[in-house]
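**Q** build the 3D model from these lines:
(chains A and B)
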Amino acid sequence: MGVVEDRGGPVVLDREVSRRGFLKTAAAVGAALSAAGVGGFGVAVRQVQAQSKEYTTYQGLGDVKILSFAYLLEELEGTFYDQGVKSGIFSGEALTFITDIRDNEMAHAQALASTLQKAGAPVPQTPNFTFPNGTFSDTGAFLKLAATFEPTGIGAYQGAAPALKNKDYLAAAISIHNSECRHWDAIKILQGVVPPNNVPFEKALTLQTVQSRVKPFGITG
Amino acid sequence: MREQTGTEAAVLEGTRSRGDFFKMAGLAGAGAVLGSVALAPKAFAQSGDLGIANFALTLEYLEATFYENAVNSGVLSGDALKVVTALRDHEQAHVDALVSLIKSAGGTPVSKPQFTFPSGATSSESSILNLAATLEPVGVGAYLGAAPLIQSPDVLAAAGSIAGVEGEHVTAVNNLLGNAAATLEAFPAALSKDEVLAKIAPFLGMGSMMETGGGSRRDWYRNAHV
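**A** Below you'll find the predicted structure:
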């Protein structure tokens, strides 16, 4: 299950030690020092800038294909959480979280489908998704898988957003992206991660990375 | 803290009602089109990418300063201390990243304003978490409102990365207050620049306005972000 292992870990940033000192050094010695990790300032910058090119992998697709792909991701997540809700393994606050997340994913899928229809584009057929054995019989296994789906969705929206030409779609995508980030935090809360807010910068993913992560579950587009 | 209660209520109320609207729209399936989420007020458009980045920098300075005060207050312990320490570290990292982004684009980062916090803002865990729960959705709303107006895909990529983290903060803080479920919204709300400014105005003293050359709030804004 490469999806489970391939989870992007928290990006660790060094705090700025001495901005002035770093800038002086950088000016004298050049960017190589920053690349070598001298100066937390440079590290912070590089973390953000390192995330700023994934969008190029979505640029050739066009808005409709990006929305169609996003729709399939939402269908995958919505199906996953729906089965989680119906599995009976969750109760109390966990059940509330999983139910809310399911409803959010389904609202995302519905909004994307409506937008595709309005654009005169077909809504993709929902594949028969497959999940690993035991996913819906054990809360730990379910949450572990959820904790891979969420950063994948986050990475997809974050990567695709700058490639969207229609600004209305972009506004929606960035709002949905924020919703997915809240989901990830809620999943980490259920996993007992303290603090759950353990990522200083969300990571964008390339189209190819997202595709390879969701392929085992039945999304082949 | 007392005087902030109204602001907080307004922030949360605004977020909730807009979220509910889209949730309803989505579930009803009738008018559920992504275009309807585009609330991006044209107010952001005037300032350009550098102006937006500097505006974001001001917000990050505000959050970083508040959380630094909160961590140093000594009233936090356990999970709350861990969550708020991470908040502080993240906001400081956002400050550093935005400063660099602005400089690399040839701009001048705004200097850190002198912030004013309500008395008692960091006197208890509850007051800290409540103000945090007020500030975080403002940050999210600002980034969501600004995103469609950002021209450079690189700046947009950075803004998206930071906005998502602020979204995580909303949930993490509210979890400590027992309200996490309420933050699981399908379409978190965008805010206009004026809305954001109104929310943060109480934290900006006259000193900071003078510093950037403006007497009025609007002057402060224009001078700071052009």
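
**Q** only C-alpha atoms for contact and neighbour calcs from this point on.
**A** Will do.

**Q** and the most centrally placed residue in chain A, helix, strand or coil?
**A** In chain A, the C-alpha closest to the average C-alpha coordinate belongs to residue A:154, at a distance of 1.8 Å (Cα atoms, centre = their mean). Here residue A:154 takes the helix state, with states given by DSSP: H, G, I helix; E, B strand; the rest coil.

**Q** tell me how far it lies from residue B:197.
**A** According to Cα to Cα, to the nearest Å, residue A:154 and residue B:197 sit 28 Å apart.

**Q** cool, residue A:120 as well?
**A** Using Cα to Cα, residue A:120 is found at 39 Å from residue B:197.

**Q** okay, these two: which has more neighbours?
**A** Comparing residue A:120 with residue B:197 by neighbour count (other Cα atoms under 10 Å in any protein chain shown), the higher total belongs to residue B:197, at 19 against 10.

**Q** secondary structure class for the more buried one?
**A** For residue B:197, the assignment made with three-state DSSP gives helix.

**Q** please report the distance of it from chain A.
**A** Distance, residue B:197 to chain A, by Cα to the nearest Cα, to the nearest Å: 20 Å.

**Q** now do that residue, the pLDDT please.
**A** Residue B:197 carries a pLDDT score of 92 in this model.

**Q** from residue B:203, how far off is it?
**A** Taken as Cα to Cα, the span from residue B:197 to residue B:203 is 10 Å.

**Q** cool, residue B:93 as well?
**A** Separation of residue B:93 from residue B:203 (Cα to Cα): 21 Å.

**Q** one more: residue A:80?
**A** For residue A:80, the distance to residue B:203 - Cα to Cα - is 43 Å.

**Q** and for residue A:138?
**A** Distance, residue A:138 to residue B:203, using Cα to Cα: 47 Å.

**Q** neighbour-wise, which of these two wins?
**A** Between residue A:138 and residue B:203, counted using other Cα under 10 Å, residue B:203 has the larger neighbour count: 16 against 13.

**Q** which one is the more buried one nearest to, not counting chain neighbours?
**A** Nearest residue to residue B:203 in three dimensions, chain neighbours excluded: residue B:116, at 4.7 Å (Cα to Cα, 6 or more residues apart in numbering or on different chains).

**Q** how many residues are close by the one you found?
**A** Neighbourhood size, residue B:116 [other Cα under 10 Å]: 16.

**Q** show the model's pLDDT score for it.
**A** As predicted, residue B:116 sits at a pLDDT of 95.

**Q** okay, now the unreliable bits of chain A?
**A** For chain A, the stretches with pLDDT under 70 are A:1-52.

**Q** where exactly do the strands run in it?
**A** Counting by DSSP state E, chain A has no strands at all.

**Q** longest helix of it?
**A** If you go by DSSP state H, chain A has its longest helix at helix A:92-118.

**Q** list the buried ones in it?
**A** By neighbour count with 16 or more other Cα atoms under 10 Å in any protein chain shown, helix A:92-118 contains the buried residues A:94-95, A:97-116.

**Q** can you narrow the residues you listed to ones near chain B?
**A** Subset of these in contact with chain B: A:97, A:100-101, A:103-105, A:107-108, A:110-112, A:114-115, counting by Cα under 8 Å from any Cα of the partner chain.
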